[in-house]
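The following block contains a protein sequence and its predicted model.
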Amino acid sequence: MNENLIIEAQGIEKSFDNLKVLKGINLSIYKSELISIMGASGAGKSTLLQILGTLSKADSGQLFINNKDVSKLKGSELAQFRNKEIGFVFQFHHLLSEFTALENVIIPALIGGENEKTAKYRANELLARVGLKDRVNHKPNELSGGEAQRVAIARAMINNPSVIFADEPSGNLDSVTRLEIHQLFHNLSKDFGQSIVIVTHDKDLASMCDRSLFMKDGIFI
């Protein structure tokens with residue numbers, strides 16, 4: 001397999017009861033690509049993202065992430081793979097309210113077995129990179145929506161994942177903050193060589209991506 005190929009999905013299908021949501025999706029994603037997936041509600045975007053992120057299982061098809069056949073991974077092995085190889089950013093930041101920005105960012109690293117000193121050093125670097133150098137000891141209720149989302153992005157990057165999946169990451173933000181988050185994703189893709197896949201309704205965000213894919217009725221069109 002091409003060493004620059006981060007994700008290879010072939011014939012991905014998924015149904016819920018009698019409703020076929022994904023109808024044979026094929027998708028290749030390469031290192032440092034910034035990709036948007038667009039489409040109307042119900043097109044299958046979030047379902048596809050859940051499967052690509054190994055949070056849900058396809059009914060049929062193959063999925064390789066960083067040359068690994070994830071269909072063969074189960075239980076703790078799959079959880080370890082997800083922790084190391086995949087980062088997630090959602091519309092709502094899902095930060096733990098009792099922890100500081102720094103503590104929220106290091107959690108995936110500690111789960112992955114990293115020592116606390118190294119994890120904190122990396123987290124401080126990332127928080128500075130996303131513009132929060134002076135907010136590392138603030139808790140989520142002391143941060144703006146945009147700042148909280150930046151913490152979530154730093155958390156997604158802490159383990160140097162092969163790919164970051166973002167589901168409507170700017171959908172809950174005002175127009176100025178939304179543009180800042182869009183630019184941040186663009187910069188992280190280019191500066192870190194980070195592969196990022198974003199489900200979005202935002203045409204401005206899609207226009208900043210290397211590729212924009214459009215889903216309708218469970219397929220790319």
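Nice, thanks for sending it over. Numbering: from 1, shown residues only.

Helices along this protein, start to end?
45-52, 75-85, 101-111, 116-129, 145-157, 175-192, 203-207 (DSSP state H).

will you turn these into a markdown table that also has mean neighbour count and distance to F16?
The C-beta positions use only the backbone N, C-alpha and C, and glycine is treated the same way. A markdown table is the format used below for the helices of the chain (neighbours: other CB atoms under 10 Å; distance: least, CB to CB, whole Å):
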| stretch | mean neighbour count | distance to F16 |
| --- | --- | --- |
| helix 45-52 | 22 | 8 |
| helix 75-85 | 14 | 21 |
| helix 101-111 | 21 | 29 |
| helix 116-129 | 16 | 37 |
| helix 145-157 | 24 | 27 |
| helix 175-192 | 16 | 30 |
| helix 203-207 | 15 | 27 |
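
May I see the ones you listed organised as TSV, with distance to L19 added?
TSV is the format used below for those (distance: least, CB to CB, whole Å):
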stretch	distance to L19
helix 45-52	10
helix 75-85	26
helix 101-111	33
helix 116-129	40
helix 145-157	30
helix 175-192	32
helix 203-207	26
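
Present those as CSV; the columns should include mean pLDDT and distance to A9.
Shown next, in CSV, are these (pLDDT from 0 to 100; distance: least, CB to CB, whole Å):
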stretch, mean pLDDT, distance to A9
helix 45-52, 89, 7
helix 75-85, 88, 15
helix 101-111, 92, 24
helix 116-129, 91, 28
helix 145-157, 89, 20
helix 175-192, 81, 20
helix 203-207, 80, 20
